[in-house]
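1. here is a sequence together with a model predicted from it:
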Amino acid sequence: MATAVHSVDPADVTGSHDNGDGGDDFQDAALAEVARRARQVGANVARVVIGKEEVVRDCVVALLAGGHVIIEDFPGVGKTLLGKALARSVSCRFSRIQFTPDLLPSDVTGVSVFNQKTGEFEFRAGPIFANIVLADEINRSSPKTQASLLECMEERQATIDTVTHPIAAPFMVIATQNPIEYEGTYPLPEAQLDRFMMRLSIGYPAREAEEAILHEQSSHDPLAELGPVLDAAEVLAMQQAVQGVRVVPALRRYVVDLLSATRSSRDVYLGASPRAGIALVRASKALAVLRGRDFVAPQDLKELAGLVLGHRIILSSEARMHGRGETAVIEALLKTIPVPGG
């Protein structure tokens, strides 16, 4: 029996109702088309991930910015569903890796196999060689297996037996993990977390949204009728167009001031790296496009700072003892930095 599809306003998914610029007013027609197609992706994902428009928007932002996403939350709230829905919205090569304690690095990257007929070793690519990779429950595998993703995520390549194999663009890893307090999990090291552009949390749905989920998905696979709205070539072109969004020098200094604040704060043991600043600027460019602008505004940076920087800092023992979280610390630091043009 067919189920009704939850209607979604694309503007609700992208936040374009409040773009700070009075509507879609691009000087570049290519960016206007990027915004339109990105909203289609967001609306497509929101058909099955009901009531989580902001989280869906953030995933679309990461896709446009060419970044990776880690989704951390409790079981059953839709982490894997969100990753699969985003992957299904793009017609490209998709693979899923179920991380388990016995998973080996070669199960991720691939292995060289000796061919007796030719007398030579042949490389058999692992599931990481795809455009969109769903790394499900990534913190259930050993640190050794987790480390196999480091080169892949940062350099878009994998080195096996001294031979480097490039990973075709676009390339995005969508990882899910349960909270680290759960048994049988291995916390991701800082170097691994730093590869992710954003850390997202879905949370439990609102009452109305949960009722809609029960109505539409209790007897039907929510992904069954979900088809692609983009292909890999289009995603790559959109990512290249987003790179041209303008960031004025004052905003770059604003980002540097924020990074410096994390390094000097008494609440932070290890501050954000330059890579974190690059990720914040890239993500803000994508958000600006979704909001109908070809330039980054201070609000874009402020809104994404917690998602981009929160998992890249280590709080001091005193901050943890007082129950402060990374996002709250970032928000407090933002209040101490003068906003350009404010």
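-> All right, it came through fine.

2. CA only for contacts and neighbour counts going forward, please
-> Fine.

3. tell me the phi and psi of the nearest residue to R266 once chain neighbours are set aside?
-> Residue nearest to R266 in three dimensions, not counting chain neighbours: S316, with 7.2 Å by C-alpha to C-alpha, 6 or more residues apart in numbering. When read as degrees, to the nearest 10, the backbone of S316 gives phi -70, psi 160.

4. and S316, what pLDDT?
-> S316 carries a pLDDT value of 94.

5. same thing with G42?
-> We have a pLDDT of 96 for G42.

6. over to the one 5 residues further on?
-> In this model, R47 is scored at 93, pLDDT.

7. ok, now how distant is it from A224?
-> Distance from R47 to A224, counting by C-alpha to C-alpha, to the nearest Å: 11 Å.

8. which one's more surrounded, the two?
-> Using other C-alpha atoms under 10 Å, the more surrounded residue of R47 and A224 is R47, with 19 against 8.

9. which residues in the stretch 51-200 of the chain form strands?
-> 69-72, 90-91, 94-98, 110-115, 120-125, 132-136, 157-160, 163-166, 172-177, 198-200 (DSSP state E, counting those that start in this stretch).

10. residues contacting the nearest residue to I97 once chain neighbours are set aside?
-> The shortest distance from I97 to any residue other than its chain neighbours is 5.0 Å, reached at A135 (C-alpha to C-alpha, 6+ apart). If you count contacts by C-alpha atoms under 8 Å, 6 or more residues apart in numbering, A135 has them with 96-99, 173-176.

11. how about CSV for the strands of the stretch 51-200 of the chain, with mean pLDDT added?
-> Listed next are the strands of the stretch 51-200 of the chain as CSV, based on pLDDT from 0 to 100:
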stretch, mean pLDDT
strand 69-72, 95
strand 90-91, 95
strand 94-98, 96
strand 110-115, 89
strand 120-125, 90
strand 132-136, 96
strand 157-160, 94
strand 163-166, 94
strand 172-177, 95
strand 198-200, 96
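
12. V41: which of those is closest?
-> Among those, strand 90-91 comes nearest to V41, with 8.0 Å by C-alpha to C-alpha.

13. ok now that closest one, how far from the chain's centre?
-> 17 Å (C-alpha atoms, centre = their mean, to the nearest Å).

14. what pairs with it, parallel or antiparallel?
-> strand 230-231 (parallel) (DSSP bridges).

15. what residues does the strand it pairs with touch?
-> 37, 41, 89-92.

16. then stretch 299-318?
-> In contact with stretch 299-318 (C-alpha under 8 Å, 6+ apart) are residues 190, 193-194, 197-200, 255, 262, 266-273, 276, 279-281, 283-284, 287-288, 325-328, 330-331, 334.

17. what subset of the contacts of strand 230-231 is buried?
-> When the contacts of strand 230-231 are checked for burial by 16 or more other C-alpha atoms under 10 Å, the buried set is 37, 41, 89-92.

18. which of the contacts of stretch 299-318 fall within strands?
-> 198-200, 268-270 (DSSP state E).

19. now these in JSON lines, with neighbour count?
-> As requested, the ones in strands among the contacts of stretch 299-318 are exported to JSON lines (neighbours: other C-alpha atoms under 10 Å):
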{"residue": "M198", "neighbour count": "30"}
{"residue": "R199", "neighbour count": "22"}
{"residue": "L200", "neighbour count": "21"}
{"residue": "V268", "neighbour count": "22"}
{"residue": "Y269", "neighbour count": "16"}
{"residue": "L270", "neighbour count": "16"}
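
20. could you dump those into CSV with distance to C152 added?
-> Listed next are those as CSV, based on distance: C-alpha to C-alpha, whole Å:
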residue, distance to C152
M198, 17
R199, 18
L200, 21
V268, 29
Y269, 28
L270, 25
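
21. for T159, state which of the residues you listed is nearest.
-> Nearest member of the ones in strands among the contacts of stretch 299-318 to T159, counting by C-alpha to C-alpha, is M198, at 25.5 Å.

22. who's in contact with the residue nearest the centre of the chain?
-> Nearest to the mean C-alpha position of the chain, by C-alpha atoms, centre = their mean, lies V69 at 2.4 Å. Shown in contact with V69 (C-alpha under 8 Å, 6+ apart): 59, 62, 172-175, 196-200.

23. any idea how many residues pack against the closest residue to A191 other than its chain neighbours?
-> Among residues not flanking A191 along the chain, L150 sits closest, at 7.8 Å (C-alpha to C-alpha, 6+ apart). Other residues within reach of L150, judged by other C-alpha under 10 Å, total 18.
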